[in-house]
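Chemist: The sequence isn't on hand, but the structure is:
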């Protein structure tokens with residue numbers, strides 16, 4: 001089997017720096033709260049937020065009384081998280097690090113969480129191993145991922161047909177939202193795996209408006225669209241509007257994005 005070629009750290013950081021991730025992150029706040037609650041985070045718990053972004057999960061866990069650390073590979077994300085923490089006077093430890101090689105010792109945390117974060121690691125098996133390694137036996141692992149059936153997955157599949165083929169690309173990140181894949185990646189290292197489904201409603205005036213927002217605010221999509229031939233951008237917009245139409249709620253002026261919430265206990 002051909003192994004995927006990991007992206008250079010500089011490329012990953014660029015993907016999460018261009019655009020406006022803080023705009024996206026605000027929409028995911030309800031998901032972060034549900035994740036923290038599902039993990040049973042309480043006072044004095046040592047909690048790690050992996051690929052913490054601007055700190056949605058970390059700051060929610062802090063409000064629950066936990067001793068929290070947030071880790072992210074992108075310095076700009078950590079800067080944003082520190083700014084948000086200062087607003088609520090949150091004492092959170094922010095660390096630079098990669099989800100596939102976390103800079104912490106074994107069994108360091110009571111709960112290790114990730115909200116749409118570790119799912120983007122190129123080496124999924126390494127990310128799974130690290131989630132387990134840094135969590136004490138009996139501790140909790142919990143995360144959210146887009147599902148393979150979600151509007152995000154459909155949108156990315158449509159986009160991929162306009163891009164040059166990449167035979168060495170890693171598996172799609174939304175496979176972290178597939179229960180069988182998750183069970184396979186953790187094996188017997190994580191017990192009592194549970195899977196719930198939720199929906200985030202992203203405000204938009206139409207499917208095309210949502211796609212336009214993604215090309216502006218999502219760094220990864222913005223950079224990918226730059227690779228699309230100029231002569232095909234109008235066709236891409238039209239096809240994305242059709243792809244996203246089944247997920248658009250005219251009543252709510254929102255695109256409904258399905259995610260999977262996964263919880264488990266380290267053996």
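Modeler: Arrived safely. This is a predicted model, so every value here is computed, not measured.
Chemist: show me where the stretch 1-150 of the chain has strands.
Modeler: If DSSP state E, counting those that start in this stretch is used as the criterion, the strands of the stretch 1-150 of the chain fall at 46-50, 67-72, 93-96, 109-115, 135-146.
Chemist: right, and those - which one's nearest residue 34?
Modeler: When the strands of the stretch 1-150 of the chain are compared by CB to CB, strand 135-146 sits nearest residue 34, at 8.0 Å. Yep, even glycine has a C-beta here, placed from its N, CA and C like the rest.
Chemist: For whichever helix or strand comes after that closest one, could you pull out the residues that count as buried?
Modeler: Note on strand 135-146: by DSSP states H and E, the next helix or strand toward the C-terminus is helix 151-160. Using 16 or more other CB atoms under 10 Å as the test for burial, helix 151-160 gives 151-156, 158-159.
Chemist: so who does residue 59 touch?
Modeler: Residue 59 makes contacts with 68, 81, 84-85, 88, 90, 92, as judged by CB atoms under 8 Å, 6 or more residues apart in numbering.
Chemist: Narrow those residues to just the buried residues.
Modeler: By neighbour count, with 16+ other CB under 10 Å, the contacts of residue 59 hold 68, 81, 84-85, 90, 92 as buried.
Chemist: out of these, who's nearest residue 202?
Modeler: residue 84 (20.3 Å).
Chemist: nearest spatial neighbour of the closest one, skipping sequence neighbours?
Modeler: residue 55 (5.3 Å; CB to CB, 6 or more residues apart in numbering).
Chemist: Please determine how far the one you found is located from residue 11.
Modeler: Counting by CB to CB, to the nearest Å, the separation of residue 55 from residue 11 is 23 Å.
Chemist: So for these two, which sits in the more crowded spot?
Modeler: Ranked by neighbour count (other CB atoms under 10 Å), residue 55 and residue 11 place residue 55 first, with 27 against 11.
Chemist: could you give the mean pLDDT of stretch 185-201?
Modeler: Stretch 185-201 shows a mean pLDDT of 98.
Chemist: re the thing from before, turn the strands of the stretch 1-150 of the chain into a markdown table, including distance to residue 232 and mean pLDDT.
Modeler: What follows is the strands of the stretch 1-150 of the chain, written out as a markdown table (distance: least, CB to CB, whole Å; pLDDT from 0 to 100):
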| stretch | distance to residue 232 | mean pLDDT |
| --- | --- | --- |
| strand 46-50 | 36 | 98 |
| strand 67-72 | 34 | 98 |
| strand 93-96 | 38 | 98 |
| strand 109-115 | 33 | 98 |
| strand 135-146 | 25 | 98 |
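Chemist: and of those strands, who's closest to residue 222?
Modeler: Distance to residue 222, taken as CB to CB, is lowest for strand 135-146 among the strands of the stretch 1-150 of the chain, at 18.0 Å.
Chemist: Would you mind giving the orientation angle of that closest one with respect to strand 46-50?
Modeler: 40 degrees (axes from the mean of the first three to the mean of the last three CA atoms, to 10 degrees).
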